[in-house]
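A.B. asks: model this:
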Amino acid sequence: MVVVTLQRKKCIGCNYCVDLSPNDFVMSKKDGKSVLLNSDDKKGFFTKKTLDNTIFDSCDAAAKACPVNIISVKMV
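C.D. replies: Sure, this is the predicted structure:
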């Protein structure tokens, strides 16, 4: 299982996550911040849990590229 977490409030809108993982992230037209698709919000932490291990590489690349380090990706 892959667990992806986004601290959306700290997003600066650089768009790297969308460029590297477009199936998992989009930019909000409302506030210009990243949105983790199909995620659940818990106190500002948006978490997506999936059995689809194919998203790990792209989400991990997005996490590594994020200049404010607000994305975490774990294989559990």
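A.B. asks: Going by C-alpha atoms from here, please, whenever you check contacts or count neighbours.
C.D. replies: Noted.
A.B. asks: Tell me if residue 29 really is in a helix.
C.D. replies: No - the assignment for residue 29 (DSSP: H, G, I helix; E, B strand; the rest coil) gives coil, which keeps it out of a helix.
A.B. asks: That one and residue 59: what is the separation?
C.D. replies: Residue 29 sits 21 Å away from residue 59 when distances are taken as Cα to Cα, to the nearest Å.
A.B. asks: Tell me which of these two has more neighbours.
C.D. replies: More crowded of residue 29 and residue 59, by other Cα atoms under 10 Å: residue 59, with 27 against 8.
A.B. asks: Can you name the residues that contact the more buried one?
C.D. replies: Contact analysis of residue 59 by Cα atoms under 8 Å, 6 or more residues apart in numbering lists 4, 17, 20-21, 24, 73.
A.B. asks: switch the cut-off to 6 Å
C.D. replies: residue 21 (Cα atoms under 6 Å, 6 or more residues apart in numbering).
A.B. asks: What strand or helix carries it?
C.D. replies: Using DSSP states H and E, residue 59 sits within helix 56-65.
A.B. asks: Would you mark the buried spots in that helix?
C.D. replies: Buried residues in helix 56-65, defined by neighbour count with 16 or more other Cα atoms under 10 Å: 56, 58-65.
A.B. asks: Tell me where this protein has helices.
C.D. replies: 16-20, 56-65 (DSSP state H).
A.B. asks: Let's have those helices in TSV, adding distance to residue 50 and mean pLDDT.
C.D. replies: Rendered in TSV, the data for the helices of the chain read as follows (distance: least, Cα to Cα, whole Å; pLDDT from 0 to 100):
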stretch	distance to residue 50	mean pLDDT
helix 16-20	18	98
helix 56-65	10	98
